[in-house]
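[1] Sequence and computational prediction follow.
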Amino acid sequence: MAIAIAVDIGSAYESEDQAGISHILEHMAFRGTEKRSGDELQQAFGLSGGYLNAVTDEDSTVYQGMVLHQDVDHAVALMCEMVSQPRLNAEDLELEKKIVERESCRGCPNCTLRETMYDQAFPEHPLSQPIIGFEDTVASLSIDDLRAHHRTNYVGENITVSVCGNVDHTKLVAIVDRELGHLPMGQPSVLAPLNYAAGELHIGHSGDEGTLRLIFPMHAFTTRDKLVAELYYDIIGGHGYSLFMNTLREDRGLVYDAWSECYTVVGQSLVAFEATGEARNMPEITDLMISTLCDFAKHPTAQELDRAKQRQFAAMHMSLDRPTSRVDHMRYDLAETGALQNFQEISDTYQSVTLEDLSRVAQMLLSQPVTIVSAGPTRGKPKFQRIRAALRGEETGGALQGLLGPLKRAS
């Protein structure tokens with residue numbers, strides 16, 4: 001049985017002077033409640049072979065549990081207690097500050113690129129702040145700050161409880177009502193406006209590797225077009241034998257990994273395409289990334305589309321056998337739309353996509369204003385204006401011209 005209690009609060013909602021408060025409050029929930037210690041909470045799950053954890057991201061804090069059917073009622077009650085009645089004291093807070101400072105994600109290459117991506121896509125927005133906060137903001141947080149943050153944001157309007165498995169729905173609703181019913185409904189968390197800017201930034205360093213990430217927004221896309229776009233970016237870089245992996249790695253040995261991913265925060269979706277290789281090879285890697293993106297968008301193949309449909313079909317149906325995957329889908333659907341999506345309808349939509357659909361949506365995606373983030377030695381920095389021109393289908397000087405000229409003639 002999988003359990004998720006999601007609270008609609010994360011780093012994107014935080015002021016700069018309280019960056020990291022949602023994350024450290026999540027840590028503090030494991031220190032115990034007003035009724036029992038943190039050890040008692042962990043033992044209640046661990047001794048029965050269960051699992052208890054939590055994760056904070058940009059727009060939510062999610063408490064996760066996994067237990068056997070016989071233990072689910074008690075587990076749901078304990079997790080609700082953690083969320084609604086955390087024991088918040090100053091001594092625990094000082095200890096958790098030390099633990100947070102030892103987390104490895106602040107400053108890691110992937111987190112740095114993600115934060116830079118958000119900063120360039122949505123300038124001056126809290127999205128670009130580290131989820132775990134800055135050293136000085138975390139150090140300055142007081143126990144009163146955490147109590148106020150919990151009182152304001154851990155309210156009925158922000159909480160979604162999802163349980164997947166052989167559940168007694170009526171019984172679980174009664175448990176949740178008993179454990180969370182005392183919380184005020186409150187007000188939904190308010191996010192500062194997200195104004196897309198299509199920025200660009202190179203992060204210079206003296207290492208031997210270079211990275212290029214191209215980010216495209218899907219603000220005006222319909223639900224169906226987003227599903228079609230998912231097939232496109234899966235074909236490009238979503239798996240081990242994607243077009244990126246074949247072109248950049250298997251055929252030329254230029255990279256170890258190249259991928260694509262969709263980032264969705266509070267309904268805003270960004271599709272990112274990325275490759276990392278030796279800095280001296282980044283001009284060639286850049287050319288090949290863009291030619292692969294543009295060429296397939298204009299000339300998709302039935303074979304790749306059929307394979308992508310099969311991957312989506314397999315992934316969706318295999319996820320139905322994983323309670324943790326199903327509960328993730330449930331809590332996301334409920335938080336974003338207020339209703340559970342119909343898996344069969346989504347699967348049918350994927351299967352109905354034609355080559356014309358794929359080409360139209362792929363070209364629409366590439367026509368969006370692109371945000372560009374790169375990292376590596378400054379002498380090997382990608383030429384951002386050439387990249388933008390190439391994506392517009394314009395003739396450009398230098399290395400891009402030879403690869404993109406044929407694409408323009410074929411359009």
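    Good, I have the coordinates. Residues are numbered from 1 along each chain as shown.
[2] CA only for contacts and neighbour counts going forward, please
    Fine.
[3] Worst mean pLDDT across the helices and strands of the chain, which element?
    helix 399-410 (a mean of 38; mean pLDDT, DSSP states H and E).
[4] Test for you: state the pLDDT assigned to the nearest residue to P86 once chain neighbours are set aside.
    Nearest non-adjacent residue to P86, counting by C-alpha to C-alpha, 6 or more residues apart in numbering: T33, 4.3 Å away. Confidence at T33, expressed as pLDDT, is 95.
[5] any idea which element the closest residue to R360 other than its chain neighbours lies in?
    Once flanking residues are discounted, R360 sits nearest to A297: 7.7 Å by C-alpha to C-alpha, 6+ apart. According to DSSP states H and E, A297 maps onto helix 282-298.
[6] Flag every buried residue along that helix.
    Neighbour-count burial for helix 282-298 flags 282-283, 285-298 (criterion: 16 or more other C-alpha atoms under 10 Å).
[7] where are the low-confidence patches of the chain?
    104-107, 395-411 (pLDDT under 70).
[8] Closest to the centroid, which residue in it?
    Y263 (4.6 Å; C-alpha atoms, centre = their mean).
[9] That one and F313, how far apart?
    21 Å (C-alpha to C-alpha, to the nearest Å).
[10] How about the backbone phi and psi for V190?
    phi -110, psi 120 (degrees, to the nearest 10).
[11] Touching, it and Y13? I think so.
    Yes - the pair V190 and Y13 passes the contact test of C-alpha atoms under 8 Å, sitting 6.9 Å apart.
[12] Of the two, which one has the most company?
    Neighbours were tallied for V190 and for Y13 using other C-alpha atoms under 10 Å; the higher tally belongs to Y13 (21 against 12).
[13] distance of the more buried one from S128?
    11 Å.
[14] And for A29?
    Counting by C-alpha to C-alpha, the separation of A29 from S128 is 25 Å.
[15] Same question for N110.
    Separation of N110 from S128 (C-alpha to C-alpha) stands at 13 Å.
[16] who's more crowded, these two?
    Under the neighbour definition other C-alpha under 10 Å, N110 and S128 were set side by side, and S128 has more, 23 against 11.
[17] Next SSE downstream of the host helix or strand of A362?
    Element membership of A362, judged by DSSP H and E, is helix 355-366. Remark: after helix 355-366, the chain's next helix or strand is strand 371-376, criterion DSSP H and E.
[18] partners of that following strand, with directions?
    strand 200-204 (parallel), strand 209-217 (antiparallel) (DSSP bridges).
[19] Out of the ones you listed, which is the most enclosed?
    With neighbours taken as mean count of other C-alpha atoms under 10 Å, the strands paired with strand 371-376 reach their highest mean count in strand 209-217, at a mean of 24.
[20] now the helices for the stretch 101-250 of the chain?
    109-121, 135-140, 143-153, 169-180, 223-237, 243-244 (DSSP state H, counting those that start in this stretch).
[21] Can you dump the C-alpha atoms of the fifth one in CSV for me?
    These are the backbone C-alpha positions of helix 223-237, laid out as CSV (Å, rounded to 0.1, in the frame of the first residue of the first chain):
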residue,chain,number,x,y,z
THR,A,223,-3.5,18.9,-23.1
ARG,A,224,-3.4,16.7,-26.3
ASP,A,225,-0.5,18.7,-27.8
LYS,A,226,1.5,18.2,-24.5
LEU,A,227,1.0,14.5,-24.9
VAL,A,228,2.2,14.6,-28.5
ALA,A,229,5.2,16.7,-27.4
GLU,A,230,6.0,14.0,-24.9
LEU,A,231,6.3,11.5,-27.7
TYR,A,232,8.7,13.9,-29.5
TYR,A,233,11.0,14.5,-26.6
ASP,A,234,11.0,10.8,-25.7
ILE,A,235,12.1,10.0,-29.2
ILE,A,236,14.8,12.7,-29.1
GLY,A,237,16.4,11.9,-25.7
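[22] which parts of that helix are buried?
    Residues of helix 223-237 classed as buried: 225-237 (neighbour count, 16+ other C-alpha under 10 Å).
[23] now do the first one
    Residues 112-121 are the ones in helix 109-121 that count as buried (16+ other C-alpha under 10 Å).
[24] Nearest to L365 among those residues?
    A121 (15.3 Å; C-alpha to C-alpha).
[25] Surely that closest one and L194 touch.
    No - in this structure, A121 is not within contact of L194 by C-alpha under 8 Å, at 9.0 Å.
[26] Could you export the strands paired with strand 371-376 as TSV, including distance to S48?
    Shown next, in TSV, are the strands paired with strand 371-376 (distance: least, C-alpha to C-alpha, whole Å):
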stretch	distance to S48
strand 200-204	48
strand 209-217	44
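[27] so which of those strands gets nearest Q351?
    It is, among the strands paired with strand 371-376 and with distance given as C-alpha to C-alpha, strand 209-217, at 24.1 Å.
[28] got the angle for the closest one vs helix 355-366?
    110 degrees (axes from the mean of the first three to the mean of the last three C-alpha atoms, to 10 degrees).
[29] Can I get strand 209-217 as PDB, trimmed to CA atoms?
    Taking Å, rounded to 0.1, in the frame of the first residue of the first chain, the C-alpha atoms of strand 209-217 are listed here in PDB:
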ATOM      1  CA  GLU A 209      33.600  19.100 -19.700                       C
ATOM      2  CA  GLY A 210      31.000  21.300 -21.400                       C
ATOM      3  CA  THR A 211      27.200  21.100 -21.200                       C
ATOM      4  CA  LEU A 212      24.400  22.600 -23.300                       C
ATOM      5  CA  ARG A 213      20.800  22.700 -22.200                       C
ATOM      6  CA  LEU A 214      18.000  24.000 -24.500                       C
ATOM      7  CA  ILE A 215      14.700  24.800 -22.800                       C
ATOM      8  CA  PHE A 216      11.400  25.400 -24.600                       C
ATOM      9  CA  PRO A 217       8.100  26.400 -22.900                       C
END
